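K.L.:
turn this into a structure:
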Amino acid sequence: MSNKLSTQSKSFQSKIYQIRIKGHLDSQWSIWFERMPITLEVNGETQLTGFVAYQAGLHGLLKCQ
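P.N.:
The predicted structure is shown next:
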């Protein structure tokens, strides 16, 4: 039996992402972004930092309109 499944599953582990957005978001957006902490930067940007378990989850976060 091939060991490919266990090797591939390791690549889907949660990863920490930092997402930067132009402008300041209100803290209520934290719910939309799966409760990622929202940091308002002095340069006018918003930074979101947190774990995303799968690429599909990351895609969902980035597709926010």
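
K.L.:
I'd like the average pLDDT over stretch 56-64.
P.N.:
Mean pLDDT, stretch 56-64: 74.

K.L.:
which parts of that stretch are buried?
P.N.:
Under the neighbour-count criterion of 16 or more other Cβ atoms under 10 Å, stretch 56-64 has Leu61 buried. Where you see a C-beta, it was placed from the backbone N, CA and C, and this is true even at glycine.

K.L.:
burial count for Phe16?
P.N.:
Just to correct that, residue 16 is Ile rather than Phe. Neighbourhood size, Ile16 [other Cβ atoms under 10 Å]: 8.

K.L.:
and it, which of the three is it?
P.N.:
Recorded secondary structure, Ile16: strand (DSSP: H, G, I helix; E, B strand; the rest coil).

K.L.:
just the strands in the protein please.
P.N.:
Remark: strands assigned in the chain by DSSP state E are 15-22, 38-40, 45-52.
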